[in-house]
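Fold the following, please.
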Amino acid sequence: MSVLAIVALTFSANAQTMKVDVANSSVAWVGKKVAGQHNGDIKIKSGSLNLDGDKLTGGTIVIDMTTINTLDLEGKSKGGLETHLKSDDFFGVNNYPTAEIVITKAVPQGPGKYKITGDLTIKGTTKQIKFNASMSGNTATADLVVDRSEFNIRYGSGSFFDDLGDKTIYDDFELSVSLALIK
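Numbers count the residues shown, from 1 in each chain. Next up is the predicted model:
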């Protein structure tokens, strides 16, 4: 057997894929505006992380944008905001029902800590994003800040419109991701 074949067998013996347990995983969001903020959650549709031994090497997470949920409002206000977030003003879920992040690089930063580079796709636009992530056992977590203006989400953005005053919605929104993983 050649050295190359032995190296290939060794690599594939250490490579594994861990599936995301969507029922026990979560994505929380926070969007801020001059006059306050809103928060909620979104369900994960599917996903997996790739490992070489115990080191993260890549992965894909698909978010079900049709499940955008607001947690800080009730009744008509809640329904109105969710309908607006799903509209073409924001995420256009009728045409773009999913968002996706593909991890293209995971650089170890210490035990269980990674600097992630990935391709984030929202509303059919893909942009590179960088963020920190942690893995411990069968759990992975990450906090991301996303600039919505890079994905053509312009509604209420001071980057595109003047004189919005206290109706300005900040371009950055925050995501906190917690993944339960199954071997």
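
ranges for the strands of this structure?
For the chain, applying DSSP state E gives strands covering 15-20, 26-33, 36-52, 55-70, 98-108, 113-122, 125-136, 139-147, 169-182.

so which of the ones you listed gets nearest Lys78?
Taking C-beta to C-beta, strand 55-70 is the member of those nearest to Lys78, at 5.0 Å. The C-beta positions use only the backbone N, C-alpha and C, and glycine is treated the same way.

Mind listing the strands that closest one pairs with, and their directions?
Here strand 55-70 has these sheet partners by DSSP bridges: strand 36-52 (antiparallel), strand 98-108 (antiparallel).

I'd like those strands as TSV, with mean pLDDT, mean neighbour count and distance to Ile63 appended.
Shown next, in TSV, are these (pLDDT from 0 to 100; neighbours: other C-beta atoms under 10 Å; distance: least, C-beta to C-beta, whole Å):
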stretch	mean pLDDT	mean neighbour count	distance to Ile63
strand 36-52	95	17	6
strand 98-108	97	17	4
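
Which of the ones you listed sits closest to Ser176?
With C-beta to C-beta, the closest approach to Ser176 among those belongs to strand 36-52: 9.4 Å.

where does the chain dip in pLDDT?
Applying pLDDT under 70 to the chain picks out residues 1-13, 154-170.

Which residues are in contact with the closest residue to Gln16 other than its chain neighbours?
With sequence-adjacent residues excluded and distances taken as C-beta to C-beta, 6 or more residues apart in numbering, Gln16 is closest to Leu51, at 5.2 Å. Leu51 makes contacts with Ala15, Gln16, Thr17, Met18, Thr57, as judged by C-beta atoms under 8 Å, 6 or more residues apart in numbering.

if I pick the second one, what's in contact with it?
To tie it back to what came earlier, the one meant is Gln16. Asn50, Leu51, Lys183 are the contacts of Gln16 under C-beta under 8 Å, 6+ apart.

out of the residues you listed, who's nearest Ile44?
Closest to Ile44 out of these is Asn50 (16.7 Å), distances taken as C-beta to C-beta.
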